[in-house]
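J.: Pasting a predicted model and its sequence here:
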Amino acid sequence: MTSLTQGYDGRRIIEDLDLSIQTGVTGLLGPNGAGKTTLFRTLATIAPPWSGLLELFGEPVSNERQARRARRSIGYLPQDFGYYPAFSITDFVRYCAWLREVPSRKAESLTREALGAVGLADRAQDHMKSLSGGMLRRAGIAAAIVGSPDLLLLDEPTVGLDPAQRLDFRELIRSLARAGTAVVLSTHLVEDVGAACDTVLVLNDGQVRHSGTPQQLAELAAPTAPGDNPLERGYMTVLGGQWSNEGDAL
Ligand SMILES: Nc1ncnc2c1ncn2[C@@H]1O[C@H](COP(=O)(O)OP(=O)(O)OP(=O)(O)O)[C@@H](O)[C@H]1O
């Protein structure tokens, strides 16, 4: 994206942002209200930018026809995703596959594959309304990865996952990235970034304040107290030691 501006109700959240998403796994860190979800909604072509150029897969996206074509190659897990409570997990993932225009002859096997990848194969007929928070999140991840999109956007995908599931999740996104999917995930958990990401972007006030490897972010850390995570310290260094701009800690 080049010089991209985006916001709500006349208020600019992202302003003149230049950003290029690389292959591999990109982690997006930033305090509450930094604009991470707004950036995802823009990349997912849900909210057209106010100005600037959005390019996806080497093509400009400036009208609905181009956006629809791009959406076929994008998997998006919103922070709070909607679903019909009476759907089974299979119905839900298949429905998301249909929305992405995954060819119907492949939808069944790709749905099975996606459910297997998140460990829900044996719960495939459970109703969405009966799922625990972690299982619901895994169903959402399955819906985002079905059909192996070229660009995978995951907004806080590890919320609600237990430690074993988080390890499985990291392995899953690494394997998707190895197979060619560009993965972008937002998180407040720096361990996820350190363990799974090739690149880390720190966003604040709608601007990228730092871009580099997790190692490079950790190297920015000021002297740490025993037990401190260097990535967290590096992150705080980038933000100038401030707390979240909306009053919440990282
Ligand atoms: N639908 C909306 N209408 C108006 N303002 C909004 C809307 N969605 C977000 N905002 C505002 O835009 C700013 C950026 O929000 P956004 O959700 O993109 O941040 P975020 O980095 O994802 O935050 P968090 O870490 O808390 O999820 C915030 O000030 C928020 O209040």
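T.: Arrived safely, thanks for sending.
J.: Determine the three-state secondary structure at the residue nearest the centre of the chain.
T.: A centroid search over the chain (Cα atoms, centre = their mean) returns Leu154, at 2.0 Å, as the residue closest to the centre. With DSSP: H, G, I helix; E, B strand; the rest coil as the basis, Leu154 sits in strand.
J.: ok, now the one 5 residues further on?
T.: Here Val159 is coil, with the state taken from three-state DSSP.
J.: you'd agree the residue nearest to the centre of the chain is up against Asp192?
T.: No: counting by Cβ atoms under 8 Å, Leu154 stays clear of Asp192, with 10.1 Å between them. For the C-beta atoms, the positions are set from N, CA and C on the backbone; glycine is no exception.
J.: Report the set of residues contacting both of the two.
T.: Common neighbours of Leu154 and Asp192, using Cβ atoms under 8 Å, 6 or more residues apart in numbering, are Leu185.
J.: So what's the residue count around Gly7?
T.: Counted with other Cβ atoms under 10 Å, the neighbours of Gly7 add up to 16.
J.: Check for me that it belongs to a strand.
T.: Yes: counting by three-state DSSP, Gly7 falls inside a strand.
J.: Can you name the residues bridging to it?
T.: On the basis of DSSP bridges, Gly7 is bridged to Arg12.
J.: residue contacts, it?
T.: Contact analysis of Gly7 by Cβ under 8 Å, 6+ apart lists Ile13, Ile14, Thr38, Trp50.
J.: next one: Leu120
T.: By Cβ under 8 Å, 6+ apart, Leu120 lies in contact with Ile89, Met135, Arg138, Ala139, Ala142.
J.: now, among the contacts of Gly7, which is nearest to the ligand?
T.: Nearest to the ligand, judged by Cβ to the nearest ligand atom, of the contacts of Gly7 is Thr38 at 3.4 Å.
J.: which residue sits closest to the closest one in space, ignoring its chain neighbours?
T.: Leaving aside its sequence neighbours, Thr38 sits nearest to Ile13 (Cβ to Cβ, 6 or more residues apart in numbering; 4.7 Å).
J.: Just to check, the one you found is in contact with Thr37?
T.: No: Ile13 is not in contact with Thr37 according to Cβ under 8 Å; the separation is 9.4 Å.
J.: Thr45 in helix, strand or coil?
T.: Using three-state DSSP, the structure places Thr45 in coil.
J.: isn't Gln66 right up against Glu59?
T.: Yes: the criterion here is Cβ under 8 Å, and Gln66 meets it with Glu59 at 6.5 Å.
J.: between the two, which one's more packed in?
T.: Neighbour count, other Cβ under 10 Å: between Gln66 and Glu59, Gln66 has more, with 16 against 11.
J.: show me what contacts that one?
T.: Glu59, Pro60.
J.: Help me confirm that it is found in a helix?
T.: Yes: the assignment for Gln66 by three-state DSSP puts it in a helix.
J.: all numbers from here: first residue = 241
T.: From this message on, residue numbering opens at 241, which makes the last subject Gln306.
J.: Just give the nearest non-adjacent residue to Tyr248, would you?
T.: Per Cβ to Cβ, 6+ apart, closest to Tyr248 is Thr278, 7.8 Å.
J.: Quick one: name the residues of this structure near the ligand.
T.: With Cβ under 6 Å from any ligand atom as the criterion, the chain comes near the ligand at residues Tyr248, Asp249, Ile253, Gly270, Asn272, Gly273, Ala274, Gly275, Lys276, Thr277, Thr278, Gln319.
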